[in-house]
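1. sequence first, predicted coordinates after that:
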Amino acid sequence: MEKITSKTNDIIKDTKRLMTSSKARAQKGAFVLEGARLCFDVLNSVYKVETLFITEKIFERYPLEISALIDKSDKAYMISDEVSKKLSDTENPQGIFAVCSFNKKSKLPESKKIIALDNVQDPSNVGAIIRTAEALGIEDIIAFNCCDIYNPKTLRASMGSVLRENIYLSDNLEKTLEKFKGEYMIYSSVPSSSAEKITNIDFSKPSICVIGNEANGVEENIKSVSDKLITIPMLGNAESLNASVAASIIMWEMLR
């Protein structure tokens with residue numbers, strides 16, 4: 001296995017760019033997983049590993065799992081601790097990184113319960129929503145104009161769920177939702193007392209619930225194609241909830 005010990009190596013610089021730049025990820029059609037948990041998760045996913053970077057320490061700790069990753073990777077490099085620190089997006093790197101190709105198999109959702117994200121920008125929120133969706137058994141997520149789902153913070157917050165969920169990246173949420181009209185009930189979540197309480201909604205029919213932007217909520221054109229505006233009733237003084245918290249409550253009610 002070839003070794004890389006220089007932080008200025010072109011391969012390392014290109015990989016670091018993928019870690020830090022959404023534009024670079026889009027141009028190359030690839031992203032970087034960091035850490036043992038995420039890298040091992042890719043073994044049971046549809047994602048292809050282009051390049052694997054490991055330190056001697058991590059290989060000694062997980063020889064079987066890393067050997068399996070090496071077999072799945074097109075290329076594998078042994079890197080120094082210094083190079084690991086250069087690549088890392090965290091303060092205490094574990095010494096394992098996997099460059100993976102984008103998943104081109106994402107398809108229009110077909111399951112009976114779907115979450116749609118409208119301009120949700122915080123990587124931690126998006127990651128947490130995807131993680132909660134998987135935990136509750138919601139397999140399909142529509143994402144429109146959200147933060148990059150392959151952002152390292154999103155990947156970490158999702159705890160690997162990004163790799164397993166069907167995330168359909170819509171370029172026009174209104175048109176995407178219109179494809180489901182008639183067959184699905186479409187709901188938009190809003191912080192308004194005039195909207196129908198989510199506790200009164202019958203989710204027995206196929207349903208799509210839209211979660212809006214952290215600051216501005218669901219866009220007006222999306223509200224207009226929705227069958228109902230729904231709200232989470234709150235007894236306290238807070239006017240609204242964090243997007244990921246609201247999504248968690250909504251998904252729980254959808255499946256209750």
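-> Noted; the coordinates are in hand.

2. mind giving me the packing neighbours of the strand or helix carrying residue 16?
-> Assigned by DSSP states H and E, residue 16 belongs to helix 10-20. Counting contacts by 3 or more C-beta pairs under 8 Å, 6 or more residues apart in numbering; DSSP states H and E, helix 10-20 is packed against helix 22-28, strand 30-34, strand 49-54, helix 81-87, strand 96-101. (Each C-beta comes from the backbone N, C-alpha and C, glycine too.)

3. can you redo those as TSV with mean pLDDT, mean neighbour count and distance to residue 132?
-> Converted to TSV, these look like this (pLDDT from 0 to 100; neighbours: other C-beta atoms under 10 Å; distance: least, C-beta to C-beta, whole Å):
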stretch	mean pLDDT	mean neighbour count	distance to residue 132
helix 22-28	95	14	23
strand 30-34	97	24	20
strand 49-54	97	23	27
helix 81-87	96	19	29
strand 96-101	97	24	23
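
4. same list (those) but as CSV, adding distance to residue 187.
-> Formatted as CSV, the helices and strands packed on helix 10-20 follow (distance: least, C-beta to C-beta, whole Å):
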stretch, distance to residue 187
helix 22-28, 30
strand 30-34, 31
strand 49-54, 38
helix 81-87, 42
strand 96-101, 34
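
5. which one of the ones you listed lies nearest to residue 190?
-> helix 22-28 (28.6 Å; C-beta to C-beta).

6. wait, residue 221 sits on residue 174?
-> Yes. Assessed by C-beta atoms under 8 Å, residue 221 is found in contact with residue 174 at 5.2 Å.

7. would residue 169 count as being in a strand?
-> Yes. Under DSSP: H, G, I helix; E, B strand; the rest coil, residue 169 sits within a strand.

8. give the contact list for it.
-> If you count contacts by C-beta atoms under 8 Å, 6 or more residues apart in numbering, residue 169 has them with 106, 143-144, 149.

9. repeat that for residue 85.
-> Here residue 85 is in contact with residue 93 (criterion: C-beta under 8 Å, 6+ apart).

10. what comes up buried for stretch 227-240?
-> Judged by neighbour count (16 or more other C-beta atoms under 10 Å), stretch 227-240 contains these buried residues: 229-232, 240.

11. need the residues you listed in a markdown table with secondary structure, distance to residue 47 and pLDDT, can you?
-> Converted to a markdown table, the buried residues of stretch 227-240 look like this (DSSP: H, G, I helix; E, B strand; the rest coil; distance: C-beta to C-beta, whole Å; pLDDT from 0 to 100):
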| residue | secondary structure | distance to residue 47 | pLDDT |
| --- | --- | --- | --- |
| 229 | strand | 37 | 97 |
| 230 | strand | 34 | 96 |
| 231 | strand | 37 | 94 |
| 232 | coil | 34 | 91 |
| 240 | coil | 35 | 72 |
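
12. now residue 71: which helix or strand?
-> With DSSP H and E as criterion, residue 71 is part of helix 63-72.

13. residue 174 now?
-> helix 173-178.

14. other SSEs contacting that helix?
-> strand 113-118, strand 140-144, strand 207-211, helix 220-225.

15. could I get those as JSON lines with distance to residue 164 and mean pLDDT?
-> Formatted as JSON lines, the helices and strands packed on helix 173-178 follow (distance: least, C-beta to C-beta, whole Å; pLDDT from 0 to 100):
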{"stretch": "strand 113-118", "distance to residue 164": "15", "mean pLDDT": "97"}
{"stretch": "strand 140-144", "distance to residue 164": "11", "mean pLDDT": "97"}
{"stretch": "strand 207-211", "distance to residue 164": "20", "mean pLDDT": "97"}
{"stretch": "helix 220-225", "distance to residue 164": "27", "mean pLDDT": "96"}
